[in-house]
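[1] Just need the structure, nothing else, for what follows:
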Amino acid sequence: MTSIPASLPLRNDLIGEEPYGAPQLDVPVCLNVNENPYPLDEQVADSIARRVREVAQTLNRYPDREHVQLRQAFCDYLAHESGTRLGVEQLWGANGSNEIMLQIFQAFGGPGRTALGCDPTYSMYPEYARDTFTEWKVIHRRDDFTIDLDATLEGIADIRPSIVLLTSPNNPTGTNLPLEDVRTLLDACGRIQVAGAAEGTHPVVVIDEAYVEFRNPGTPSAVSLIPAYRNLAVSRTMSKAFAFAGARVGYLAADRGIVDCLRIVRMPYHLSAITQASALAAFEHTDLQLRRGAKLREPRDETAAWLKRQRYHGASLQVADSESNFLLFGKFDDRQKVFDMLLDRGILIRVVGPDHWLRVCMGTDEEMAAFRSAFTEVLSQIDD
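    Next up, the predicted model:
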């Protein structure tokens with residue numbers, strides 16, 4: 001809870017708002033914020049220490065505000081991971097994909113502009129819109145959490161947004177967005193005039209791929225479409241698969257024109273020399289990092305199958321199809337009660353997404369065993 005005196009001139013639209021954030025509680029098993037549960041390998045940590053030591057004597061000077069070396073590392077990584085070679089001018093980094101998203105809203109949103117998404121989706125999107133005075137509109141997903149393509153196309157035509165923002169895999173559902181649908185949306189936006197903008201202005205389509213490294217093998221990335229579409233931007237993060245959440249490194253791949261728009265709104269020297277050095281060190285071990293991240297696909301699929309075998313009030317649980325490192329499962333008459341009973345047993349998951357559903361992210365084998373044991377006990381008590 002916040003404690004803000006009424007005498008402070010807080011913006012009228014922010015009065016009564018609470019800061020975003022999942023609960024940060026000291027419990028034995030934290031499975032609530034989609035972190036990679038495995039710490040960095042020793043050789044990665046050693047590389048970070050070496051690179052940070054190298055830049056330590058230069059911290060009296062500002063870092064490279066264009067972070068060119070890091071942007072080249074992003075290029076090399078995407079060529080390796082997604083099979084698409086882009087130029088340095090098509091990549092842009094920031095302090096986590098959260099800052100990337102905020103820069104997108106700063107550059108393309110604002111008063112009189114609208115951003116369009118498909119819910120349920122990441123709960124920070126409407127906050128980026130609020131903070132930049134951008135209107136936020138949503139099209140509801142189908143019952144299986146796939147996007148309703150026809151309804152979304154109709155919404156784009158009616159609303160004429162400046163930003164179309166979709167997540168793949170989606171958070172909090174884990175749902176993949178097929179590349180054919182992305183193409184259809186891009187083609188439609190190429191024919192749409194943004195409301196209130198100059199003639200010939202078309203929506204920017206943003207695909208948030210924060211969890212894309214956890215996708216099933218063979219699933220393509222929207223990055224592969226960038227050479228063909230000047231209105232496409234793909235957001236990525238190192239927080240998840242690279243186990244780099246504490247380092248705060250996100251990046252965007254897009255046409256150079258989109259990147260240059262973000263360069264206008266970015267704060268000067270927004271990426272510290274230490275952040276850049278740490279990220280470059282992590283990219284020295286790309287294959288190792290990706291192998292460790294891929295380890296979470298197996299427990300995800302095993303946990304999904306296990307959850308579907310559980311019974312709640314005589315019925316099998318529902319589990320959303322996921323290509324991420326988390327699962328959305330339900331439905332519960334009182335999801336808060338289930339959450340609280342798990343928390344009493346030292347297991348922290350997340351109350352998020354549509355009513356009656358809960359989300360659990362994948363942990364270590366020991367953490368997942370603890371979750372299954374506690375959840376089995378909770379279900380047995382609820383059904384007594």
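[2] Please count neighbours and contacts with C-alpha atoms only from this point.
    Noted.
[3] Run through the residues that contact the residue lying closest to Ser82 once chain neighbours are set aside.
    What sits nearest to Ser82 in space, not counting adjacent residues and going by C-alpha to C-alpha, 6 or more residues apart in numbering, is Ser221, at 6.2 Å. Contacts for Ser221 (C-alpha atoms under 8 Å, 6 or more residues apart in numbering) come out as Ser82, Leu179, Val212.
[4] Please, which helix or strand holds Phe74?
    helix 68-82 (DSSP states H and E).
[5] Can you mark which positions in that helix are buried?
    Val68, Leu70, Arg71, Gln72, Ala73, Phe74, Cys75, Asp76, Tyr77, Leu78, Ser82 (16 or more other C-alpha atoms under 10 Å).
[6] Farthest-apart pair in those residues, please.
    Based on C-alpha to C-alpha, the longest span within these runs between Val68 and Ser82 and measures 20.5 Å.
[7] just checking, Leu327 touches Val360?
    Yes - contact between Leu327 and Val360 holds when scored by C-alpha atoms under 8 Å: they sit 5.5 Å apart.
[8] quick one: low-confidence ranges for the protein?
    Under the criterion pLDDT under 70, the flagged ranges of the chain are 1, 384.
[9] And the longest helix seen in it, what's buried?
    Ranked by number of residues, the top helix in the chain under DSSP state H is helix 365-382. By 16+ other C-alpha under 10 Å, the buried positions in helix 365-382 come out as Glu367, Met368, Ala370, Phe371, Ala374, Phe375, Val378, Leu379.
[10] In this structure the last one contacts Gly314, no?
    Going back to what we said before, that points to Leu379. No - applying C-alpha under 8 Å as the test, Leu379 and Gly314 come out as separate, 10.6 Å apart.
[11] okay if I get the buried residues of helix 365-382 as CSV plus distance to Ile4?
    Listed next are the buried residues of helix 365-382 as CSV, based on distance: C-alpha to C-alpha, whole Å:
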residue, distance to Ile4
Glu367, 38
Met368, 40
Ala370, 40
Phe371, 38
Ala374, 39
Phe375, 38
Val378, 38
Leu379, 41
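[12] re earlier: could you report the distance from the residue nearest to Ser82 to Arg65?
    Distance of Ser221 to Arg65, computed by C-alpha to C-alpha, to the nearest Å: 28 Å.
[13] about what we covered before: tell me which other helices or strands the helix holding Phe74 touches.
    Contact analysis of helix 68-82 by 3 or more C-alpha pairs under 8 Å, 6 or more residues apart in numbering; DSSP states H and E lists strand 91-94, helix 273-283 as its packing neighbours.
[14] got the end-to-end distance for stretch 308-315?
    End-to-end for stretch 308-315, by C-alpha to C-alpha: 10 Å.
[15] Go through that stretch and flag the buried ones.
    Lys308, Tyr312.
[16] picking that back up, TSV for the buried residues of helix 68-82, including distance to Thr173?
    What follows is these, written out as TSV (distance: C-alpha to C-alpha, whole Å):
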residue	distance to Thr173
Val68	35
Leu70	31
Arg71	30
Gln72	32
Ala73	30
Phe74	27
Cys75	29
Asp76	30
Tyr77	26
Leu78	25
Ser82	23
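[17] if we can go back for a sec, of all pairs in the buried residues of helix 365-382, which one is the farthest apart?
    It's Glu367 and Leu379 that sit farthest apart of the buried residues of helix 365-382, by C-alpha to C-alpha, at 18.2 Å.
[18] now the helices and strands packed on helix 68-82 in CSV, with distance to Tyr125 and mean neighbour count?
    Conversion of these to CSV gives the following (distance: least, C-alpha to C-alpha, whole Å; neighbours: other C-alpha atoms under 10 Å):
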stretch, distance to Tyr125, mean neighbour count
strand 91-94, 17, 26
helix 273-283, 25, 21
